[in-house]
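S.K.: Quick one, structure for this:
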Amino acid sequence: MSHIPEWADKYIRIPFKKKARGLDACDCLGLVQLIYEDELGIVLPDYVHTDPDEKELTGILITERKKEWIKLSKPEPFSLIILNIMNHPIHLGIVLNDESMIHTMKNKYSSIERYTGLSWKNRIEGFYKWPCM
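M.R.: Have a look, this model is predicted:
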């Protein structure tokens, strides 16, 4: 496995909680926002304008706000990875290196996984970066 950056350690094993946005708990969008703010100093929009569930939150990012992000031809550290679950692009993570990401899912803790592995490699919708990166 490629080098995992040291900063990632503090984001491992954060419990999943819908709409949470902190080190004590977060959902997949919350983890992305937390890392961007703490590690890059970038405050991302929350995309919450109603009372959507995680699938709808990610859908809002992907359909309504994706144009705010720059699509990449290959992943870069800190780029957003959008992943398909049940054939819908509804999951987010942060790229750590050329094969690994950090993410969190319902009923799990945040963790590092290989997006190039069998579980995720065929589910990648794309890689994106925030314009000021």
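S.K.: pLDDT of the longest helix belonging to the chain, averaged?
M.R.: Secondary structure of the chain per DSSP state H: the longest helix is helix 28-35. In this model, helix 28-35 has an average pLDDT of 92.
S.K.: Give me the contact list for that helix.
M.R.: The contact list for helix 28-35 (C-beta atoms under 8 Å, 6 or more residues apart in numbering) reads 11, 14, 19-23, 26, 43-44, 46-47, 54, 57-58, 61, 78, 80, 91-94, 102-105, 110. (C-beta placed from N, C-alpha, C; glycine too.)
S.K.: same question, stretch 92-99
M.R.: The contact list for stretch 92-99 (C-beta under 8 Å, 6+ apart) reads 1-5, 8, 28-29, 31-32, 35-36, 58, 61, 75-83, 101-103, 112, 114-117, 127.
S.K.: What residues of that stretch count as buried?
M.R.: Of all the residues in stretch 92-99, those buried under the rule 16 or more other C-beta atoms under 10 Å are 92-97.
S.K.: Great, nothing more from me.
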